[in-house]
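In: one predicted model, sequence on top.
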Amino acid sequence: MDEIVSPDSSIYARYLLSKARHFMTKARRKELAPYNISPRQVYIVDLLVDLGHKATLAELARYTDRGINTLSVQLTRMERDGIIKKVRETPKSTLLKFELTEKGQEIYKTCKKLKSIKTIMSALTEEERQQFITMLKKIIVKAEKYSSKLS
């Protein structure tokens, strides 16, 4: 397949990053299709496990870089699908937390066995992946600072 290589390395790097993200997401979607769950939903399931199986909407929004309203809609769908449930911190508390249901825990166990991302990322050595992570973090920090200036 032919591709157009921009003489501006910043534009070309952005193009390649976008293309890699597109194909990784496409592979992950196909891998998850039999389980009727999206990559974003799996990410929330993973987050809930990493956060000790319970998290508030604000905590999840912070870790997913999504707005509270957007995330709330997604969590409502996941609750309807039986993947998560809302629980009150204490019986009379207004503080709601989300936790995985049994179905959500099964999804977590199943998805941990899937290999699309590990297979794709195996193109890099562990050292290269660590360097890549460092580079991506630098880009993210710069992008966050720049976008906050525009607000």
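Out: Received the coordinates, thanks.

In: skipping adjacent residues, who's closest to residue 31 in space?
Out: residue 116 (4.5 Å; C-beta to C-beta, 6 or more residues apart in numbering). For every residue, glycine as well, the C-beta is placed using N, CA and C.

In: check contacts around that neighbour.
Out: By C-beta atoms under 8 Å, 6 or more residues apart in numbering, the contact set of residue 116 is 24, 27, 28, 30, 31.

In: is it true that the first one lies in a strand?
Out: No - using DSSP: H, G, I helix; E, B strand; the rest coil, the secondary structure at residue 24 is helix, not a strand.

In: quick revisit: and the gap between the residue nearest to residue 31 and residue 126?
Out: Distance of residue 116 to residue 126, computed by C-beta to C-beta, to the nearest Å: 18 Å.

In: how close does the residue nearest to residue 31 get to residue 130?
Out: 21 Å.

In: repeat for residue 94
Out: As judged by C-beta to C-beta, residue 94 and residue 130 stand 43 Å apart.

In: who has more neighbours out of those two?
Out: Under the neighbour definition other C-beta atoms under 10 Å, residue 94 and residue 130 were set side by side, and residue 130 has more, 11 against 7.

In: who are the packing partners of the host helix or strand of residue 146?
Out: Assigned by DSSP states H and E, residue 146 falls within helix 126-150. The helices and strands touching helix 126-150, judged by 3 or more C-beta pairs under 8 Å, 6 or more residues apart in numbering; DSSP states H and E, number zero.

In: what does it rub up against?
Out: With C-beta under 8 Å, 6+ apart as the criterion, helix 126-150 contacts 121, 124.

In: so which residue is dead centre in this structure?
Out: residue 43 (4.2 Å; C-alpha atoms, centre = their mean).

In: what helix or strand does it sit in?
Out: Assigned by DSSP H and E, residue 43 belongs to helix 39-50.

In: can you list the domain ranges for the chain.
Out: 9-123, 124-151 (automatic domain parsing).

In: just name the most buried of those domains.
Out: domain 9-123 (a mean of 14; mean count of other C-beta atoms under 10 Å).

In: measure it end to end?
Out: 22 Å (C-alpha to C-alpha, to the nearest Å).

In: thought residue 71 was touching residue 55?
Out: No - using C-beta atoms under 8 Å, residue 71 is not in contact with residue 55, being 10.8 Å away.
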